[in-house]
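**Q** 3D model of this:
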Amino acid sequence: MGRVSRSRLLLVVALVATVAMVGFDAQPRAGTEPAAPKSADEVKLRPVAQDGSTALWPYTSRETRFETLTLPINVVIREDPAIVRAMLTREIADEGLDSDGRQRVLPELGGDVWGQTHGATRYTYVHDRVGDDGTWQTEYAQLHVGSYLGSRQHVRLYEVPGDDGRATAIQAHHEHWDWFRLRHTVGSTAAGQVYLEQHFYGVPAVKQVSRERYANGGILDADGWVTVVDVRDRQAVPPGGAGGTGTPASMPGDLPGGSMLDTTLVGLAGLAIAGTLATDELDEVRQEAEDALEQFREDLNVTRGHVLLFGSLATIPLCVRVGGVTVERLGLVTNPKLVVAAFYPVLVVGLPLCAYGFAAGLGFAESALVAVLGLLTGVILDYTYLGIEVIPRYVLVQRALLLGAIAVVAAAGTVRADRRWRHNELLAVGVVCWLLAVAWPLLDLL
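**A** Take a look at the predicted model:
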């Protein structure tokens, strides 16, 4: 392979720079002038209970300031947060006991058991309408169903004190761990709200589950309607819980014992005969498929380099994902950040190394195309494994830049035989673009 022409190099640089500029404009950025701090009188406060003494700012915030709001509060349970946590986790803490030591935990909810977890600290604001002052509350607890390094339902519980009893404000959402951005990406608040809400349906201890208008929608798929759960007093809980003791009805296909046995024997005999007759046909179909695949491979002129380049880039993202989730679920490492430290280099270093190493012997354009298709397949497989269907625009922009960078690195690998890596200008461009694409999310540029 000859030297890389100057025009090709300039074209690649121009394309990558264009993607970079699109990336900067993909997400709205704040103005150059910092916003003036807001006071409690300038924001929307919502009473937790009708004619109650406490009002809630129905959002969470990165800092103890109204200007750094993140996601809307979407569930309010009129019950002590210790009880709510115990109901969700099925664990009894000291806060879940009366002063005389009797258990205060309400009957179990339906649905999955939630586990303790951790995440970034978020705050919400609670205003005392009687004393006309307020306080910033940090999370009382963080709970999740799923895996930290995969996808999960994640909730933050906040204590809402008041003279008329304590309540629990909850921010619920569905999120997944983004290995390329080293953070969780929230895909939906509505999905988390519905998932948590369903735990309270049909529970004897719950008086009512309703939706109230808090007018805090507009972020992601939030519609401004908050799930409100009213819990009965302990004395009012019906004894024995819900449900009956009736005998299950027979399935429509149930047959008397003798008829069932005869039917089974006849079916097994038929399957044996059909299997014998179909063996030869299956062998013929298999041989035809192998011949067609071989002919397709010859027509495409697929080489070992194509397979290695495409296969490595397609499998590394999924292997990192599955490996991280497996280590987390096995409990081999308690701190997920240690798992990230082990697997992250495999992703960000392994991908460009494979692109550069396996592209040798391929053409300039075909190596770039195969690399893009391989990494794109890996990204799709990763999202398919997680069950993610909606991807934020700023994440798509970063992925596009990663695809452009990996194409440049692969193209640089085609001239590896003619020039050493220290004198490969195209490799330098590709590595710089790759590092920029990886570093931007870490610097909050996306």
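**Q** Residue 46 touches residue 54, doesn't it?
**A** No. Assessed by CB atoms under 8 Å, residue 46 is found out of contact with residue 54, at 10.0 Å. Using the backbone N, CA and C atoms, a C-beta is placed for each residue, glycine as well.
**Q** These two: who's more crowded?
**A** Between residue 46 and residue 54, counted using other CB atoms under 10 Å, residue 54 has the larger neighbour count: 22 against 18.
**Q** is the more buried one in a bridge, and if so with what?
**A** residue 128 (DSSP bridges).
**Q** Now do the same contact list for it.
**A** Shown in contact with residue 54 (CB atoms under 8 Å, 6 or more residues apart in numbering): 47-48, 126-129, 160-164, 167.
**Q** how about low-confidence regions in the stretch 51-200 of the chain?
**A** Along the stretch 51-200 of the chain, the model assigns pLDDT under 70 to residues 93-107, 164.
**Q** the helices in it, which residues?
**A** 81-89, 190-197 (DSSP state H, counting those that start in this stretch).
**Q** can I get the ones you listed in JSON lines with distance to residue 184 and mean neighbour count?
**A** Putting those into JSON lines (distance: least, CB to CB, whole Å; neighbours: other CB atoms under 10 Å) gives the following:
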{"stretch": "helix 81-89", "distance to residue 184": "20", "mean neighbour count": "22"}
{"stretch": "helix 190-197", "distance to residue 184": "12", "mean neighbour count": "21"}
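**Q** Which of these sits closest to residue 317?
**A** helix 190-197 (23.4 Å; CB to CB).
**Q** between the strand or helix carrying residue 210 and helix 81-89, how big is the angle?
**A** For residue 210, the host element (DSSP states H and E) is strand 206-213. With axes from the mean of the first three to the mean of the last three CA atoms, to 10 degrees as the basis, strand 206-213 and helix 81-89 are set at 100 degrees to each other.
**Q** Now do the buried residues in the next helix or strand after strand 206-213.
**A** Using DSSP H and E, the helix or strand that follows strand 206-213 towards the C-terminus is strand 225-231. For strand 225-231, burial by neighbour count (16 or more other CB atoms under 10 Å) applies to 225-229, 231.
**Q** now the strands for this protein?
**A** Assigned by DSSP state E, the strands in the chain fall at 46-47, 54-56, 59-61, 69-72, 75-78, 115-116, 123-128, 133-138, 141-146, 151-160, 167-178, 183-188, 206-213, 225-231.
**Q** And those strands: which comes nearest residue 442?
**A** Among the strands of the chain, the nearest to residue 442 by CB to CB is strand 183-188 (8.6 Å).
**Q** Sheet partners, orientation included, of that closest one?
**A** By DSSP bridges, strand 183-188 pairs with strand 167-178 (antiparallel).
**Q** model confidence over stretch 211-219, on average?
**A** Averaged over stretch 211-219, pLDDT sits at 94.
**Q** Check the gap between the nearest residue to residue 213 once chain neighbours are set aside and residue 199 for me.
**A** Closest residue to residue 213 apart from its sequence neighbours, by CB to CB, 6 or more residues apart in numbering: residue 225 at 5.9 Å. Residue 225 sits at a distance of 18 Å from residue 199 (criterion: CB to CB, to the nearest Å).
**Q** mind checking how far residue 404 is from residue 86?
**A** Taken as CB to CB, the span from residue 404 to residue 86 is 51 Å.
**Q** Kindly apply the preceding question to residue 230 instead.
**A** Counting by CB to CB, the gap from residue 230 to residue 86 is 18 Å.
**Q** With residue 198 instead?
**A** For residue 198 relative to residue 86 (CB to CB), the value is 19 Å.
**Q** same question, residue 290
**A** 59 Å.
**Q** and if you look at residue 339?
**A** Counting by CB to CB - residue 339 and residue 86 are separated by 29 Å.
**Q** Please apply the same query to residue 116.
**A** Applying CB to CB to residue 116 and residue 86 gives a distance of 12 Å.
**Q** Over to residue 43?
**A** For residue 43 relative to residue 86 (CB to CB), the value is 32 Å.
**Q** Over to residue 359?
**A** On the measure of CB to CB, residue 359 and residue 86 end up 57 Å apart.
**Q** Contacts only, for the residue nearest in space to the middle of the chain.
**A** Centroid-nearest residue in the chain, with CA atoms, centre = their mean: residue 176, separated by 1.5 Å. Residues near residue 176 by CB under 8 Å, 6+ apart: 150-152, 184-185, 187, 386, 388.
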